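In: Predicted structure and sequence below. I'll ask about it afterward.
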Amino acid sequence: MNKVKARPEYIAVLSSGMVDGILCIAVSCANIDEYKSLPGVVSDDGTLCGKTGWNSDRGIAYYQSNTHIVKIEST
């Protein structure tokens, strides 16, 4: 029997694609607490996408590559 291992560094994507040159990613998100716990930035093949919103009626959170993302430097 194979052992199942959690992979918290990954996120399940419902859909992703390019719209007018912008990478758009949709992920499942059932409620506001889940939305708050999602990472602020995800990467798809090296393209950084920032969390841009949540549709509570559809239960989907969105990421887009056209957001302004900055790296936090430690002091």
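Out: Okay, I see it.
In: The chain: strands as residue ranges?
Out: Taking DSSP state E as the test, the strands found in the chain are 15-19, 22-28, 41-44, 47-55, 60-64.
In: Show residues contacting the fourth one.
Out: The list of residues contacting strand 47-55 from outside it, by CB atoms under 8 Å, 6 or more residues apart in numbering, reads 23-25, 29, 32, 35, 38-43, 60-65, 67-69. Heads up, the C-betas are built off the backbone N, CA and C, glycines and all.
In: rewinding a little: so which of the strands of the chain gets nearest Lys3?
Out: The minimum distance between Lys3 and these falls on strand 22-28, with 25.0 Å, by CB to CB.
In: Save the strands of the chain as a markdown table, and put in mean pLDDT and distance to Asn2 too.
Out: Formatted as a markdown table, these follow (pLDDT from 0 to 100; distance: least, CB to CB, whole Å):
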| stretch | mean pLDDT | distance to Asn2 |
| --- | --- | --- |
| strand 15-19 | 96 | 28 |
| strand 22-28 | 97 | 25 |
| strand 41-44 | 95 | 27 |
| strand 47-55 | 97 | 32 |
| strand 60-64 | 98 | 30 |
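In: Out of those strands, the one nearest Glu9 is which?
Out: Nearest to Glu9, of all the strands of the chain, is strand 41-44, at 10.4 Å by CB to CB.
In: Give the other helices and strands that the closest one contacts.
Out: Using 3 or more CB pairs under 8 Å, 6 or more residues apart in numbering; DSSP states H and E, the elements in contact with strand 41-44 are strand 22-28, strand 47-55.
In: Find the one among those with the highest mean neighbour count.
Out: Sort the helices and strands packed on strand 41-44 by mean neighbour count, taking mean count of other CB atoms under 10 Å, and strand 22-28 sits at the top with a mean of 17.
In: Run me through the strand neighbours of it, direction for each.
Out: If you go by DSSP bridges, strand 22-28 pairs up with strand 15-19 (antiparallel), strand 60-64 (antiparallel).
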